[in-house]
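Trainee: Below are the sequence and a predicted model; questions follow.
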Amino acid sequence: MPQLAQRMSRAKPSVIMQIADKAKRLKADGRDIISFSIGVPNFLPGEHVYAAARDALAKDSGQYGSNRGTDALLDAFLQHIEKLGLTGYGRANCSTGIGAKHILYNLGEALLDEGDVIMFPAPYWTTYMDIAEILNATAVELPCPASQNYKLTPAQLDAALSQHKPKVFLFNNPSNPTGMVYTGEEIAALAEVLVKHPETWIITDDIYNRMLFDGLKYTNFVQFRPELRERTVFVDSLSKTYGMPGWRVGFLVGPESVAKAATTLNSNHITGLPEVVTAAAIAALSGPQDVPTEKCAEFQAKRDIVMGAMNAIPGVVCPRPQGAFYVFPDVSCAFGKSHNGKKIENDVDFCSLLLEAKGVACVPGSAFGEPKALRISYTCPTPQLAPGLARIQEFFAELN
Ligand SMILES: Cc1ncc(COP(=O)(O)O)c(C=O)c1O
């Protein structure tokens, strides 16, 4: 019997998808389930995006597309990131892919050989670890617990870069799973450290860059230390900002050599983005920005509701997120206690008992490298939010 490749023993299905599937199964069995598990935006892009897609369909050439992305798409992306303050890049600095996940996978293949070190702060988005494992790279986590607001400090970064000399430092701001956003001063201080370690590529996976609250502005290392541009790659996506996760559009901008490498990989697996998707993406990036703006305000209001509920639970420690649509409470105060006679040893027990007893699905923090916490994704329809949070409060009140 032939065997699968060895790398498949390291590849695991996404934990988040497994929980979402369990919640779906319970719902199909007739249970009243409120899902705070999956990080989907739960809104659709504006009508202009569908109009552009229909128009492209009517004019379809039926041909293969560009490996890098069409000029019109790259130009729309470049104009979009200029508004973020990322200026001075051209088409040769860009590439596209089937969502940011594919872009990150391409970057892993382009930058990491087997055994190379990739370093990232923990909590981290689950896929970082999965990609490292598939590529047989060595992942080094930098623990950033709730007590340091889930944020990396410059001293911690400096020590870790000196010790591990990673090939790649992967950074994510705003963060999935914590929703934390680094201020301009914090990014500037980390940039000062990064310039001292020229052997390391820097990836900023900043796909939630338009979802910032409380008047905060997105910033990137290259704005403070332009010399970092030659080894920094910024990753973006339409999935969350525009409510287009199923359209699968991701981007990178960075050094020409890296954009070219990602484009070569595209030529070997995906070829390029479909024409209709490209037209929809251009419309999203260049058209009216009302939907993302409205949704961002809505998420900020929901963040406040979730924080109100978390702060009212004795023992729960919950740093206040300022972006994306996640809250990441440290619920370790519940460990060692029981619910209806069932003992909670850890985050996985907590989440599975919460789902069974109260029908609320959250993702255990261990999926993100922080086993004291759980992730609440608050993109559910607004009428479900308060009842879901009330059930979590009830669950805590019933622990003994
Ligand atoms: C931090 C982060 N990066 C990348 C992605 C992947 O996004 P895409 O849908 O563009 O593949 C996600 C999706 O959850 C994410 O949270």
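Mentor: That came in fine, so what should we check first? Small disclaimer: the values here were computed from a predicted structure and weren't measured.

Trainee: quick one: contacts for the closest residue to Arg229 other than its chain neighbours?
Mentor: Closest residue to Arg229 apart from its sequence neighbours, by CB to CB, 6 or more residues apart in numbering: Val222 at 4.8 Å. Using the backbone N, CA and C atoms, a C-beta is placed for each residue, glycine as well. If you count contacts by CB atoms under 8 Å, 6 or more residues apart in numbering, Val222 has them with Leu86, Ala191, Leu228, Arg229, Thr232, Phe234.

Trainee: Among these, which lie within helices?
Mentor: Assignment to helices by DSSP state H places the following of the contacts of Val222 there: Ala191.

Trainee: Just name the closest of the contacts of Val222 to the ligand, please.
Mentor: Phe234 (12.0 Å; CB to the nearest ligand atom).

Trainee: ok so, going back, which secondary structure element contains the residue nearest to Arg229?
Mentor: Secondary structure from DSSP states H and E places Val222 in helix 221-224.

Trainee: The closest residue to the ligand within the stretch 301-400 of the chain: neighbour count?
Mentor: Nearest residue of the stretch 301-400 of the chain to the ligand (CB to the nearest ligand atom) works out as Ala324 at 7.5 Å. The number of residues packed near Ala324 is 29, by other CB atoms under 10 Å.

Trainee: pretty sure it contacts Pro174?
Mentor: Yes. In this structure Ala324 lies within contact range of Pro174 using CB atoms under 8 Å: 4.5 Å.

Trainee: Now for the two: what residues contact both?
Mentor: Tyr208, Met211.

Trainee: dump the residue contacts of Ala11.
Mentor: Ala11 neighbours (CB under 8 Å, 6+ apart): Asp130, Glu133, Ile134.

Trainee: so where do the helices sit in the stretch 301-400 of the chain?
Mentor: 347-358, 382-397 (DSSP state H, counting those that start in this stretch).

Trainee: which of those sits most buried?
Mentor: Mean neighbour count (mean count of other CB atoms under 10 Å) peaks for helix 347-358 among the helices of the stretch 301-400 of the chain, with a mean of 20.

Trainee: pLDDT on that helix, on average?
Mentor: The pLDDT scores in helix 347-358 average 93.

Trainee: got the angle for that helix vs helix 382-397?
Mentor: 110 degrees (axes from the mean of the first three to the mean of the last three CA atoms, to 10 degrees).

Trainee: Near Lys343, how many residues? Count them for me, please.
Mentor: 11.

Trainee: now the one 3 residues further on
Mentor: Using other CB under 10 Å as the criterion, Asn346 is surrounded by 16 other residues.

Trainee: how much space between whichever residue of the stretch 51-200 of the chain sits closest to the ligand and Gly287?
Mentor: In the stretch 51-200 of the chain, no residue comes nearer to the ligand than Gly99, which is 2.7 Å away by CB to the nearest ligand atom. According to CB to CB, to the nearest Å, Gly99 and Gly287 sit 20 Å apart.

Trainee: The residue nearest the centre of the chain in helix, strand or coil?
Mentor: A centroid search over the chain (CA atoms, centre = their mean) returns Asn176, at 4.5 Å, as the residue closest to the centre. Under the three-state scheme (DSSP: H, G, I helix; E, B strand; the rest coil), the conformation of Asn176 reads as coil.

Trainee: isn't it right up against Val327?
Mentor: No. Here Asn176 does not reach Val327: they are 11.5 Å apart, not a contact under CB under 8 Å.

Trainee: Highest neighbour count among the contacts of Ala11?
Mentor: Asp130 (21 neighbours).

Trainee: What count of nearby residues applies to Ser61?
Mentor: 8.

Trainee: these two touch, right, it and Pro274?
Mentor: No. With contact defined as CB under 8 Å, Ser61 does not count as touching Pro274 (10.9 Å).

Trainee: Narrow the contacts of Ala11 to those in helices?
Mentor: Per DSSP H, these map to helices at Asp130, Glu133, Ile134.

Trainee: Restricting to these, which residues neighbour the ligand?
Mentor: Among the ones in helices among the contacts of Ala11, no residue sits close to the ligand (CB under 6 Å from any ligand atom).

Trainee: can I get these in CSV with distance to Val249 and pLDDT?
Mentor: As requested, the ones in helices among the contacts of Ala11 are exported to CSV (distance: CB to CB, whole Å; pLDDT from 0 to 100):
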residue, distance to Val249, pLDDT
Asp130, 21, 92
Glu133, 26, 94
Ile134, 22, 93
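
Trainee: Do me a favour and average the pLDDT over stretch 3-12.
Mentor: The model assigns stretch 3-12 a mean pLDDT of 86.

Trainee: quick one on the thing from earlier: state the distance from the residue nearest to the centre of the chain to Tyr50.
Mentor: 27 Å.

Trainee: what does Lys260 give?
Mentor: From Lys260 to Tyr50 the distance is 33 Å (CB to CB).

Trainee: These two: which has the busier surroundings?
Mentor: Counted by other CB under 10 Å, Lys260 and Tyr50 do not tie: Lys260 has more neighbours, with 16 against 13.

Trainee: dump the residue contacts of the more buried one.
Mentor: By CB under 8 Å, 6+ apart, the residues touching Lys260 are Ala92, Ser95.

Trainee: How about the secondary structure of it?
Mentor: Relying on three-state DSSP, one would call Lys260 helix.

Trainee: and the helix or strand harbouring Tyr128, which residues are buried?
Mentor: Using DSSP H and E, Tyr128 maps to helix 126-135. Within helix 126-135, the residues scored as buried using 16 or more other CB atoms under 10 Å are Thr126, Thr127, Tyr128, Met129, Asp130, Ile131, Ala132, Glu133, Ile134, Leu135.

Trainee: Considering these, which is situated nearest to Gln393?
Mentor: Lowest distance from Gln393 to those (CB to CB) belongs to Thr126, with 26.9 Å.
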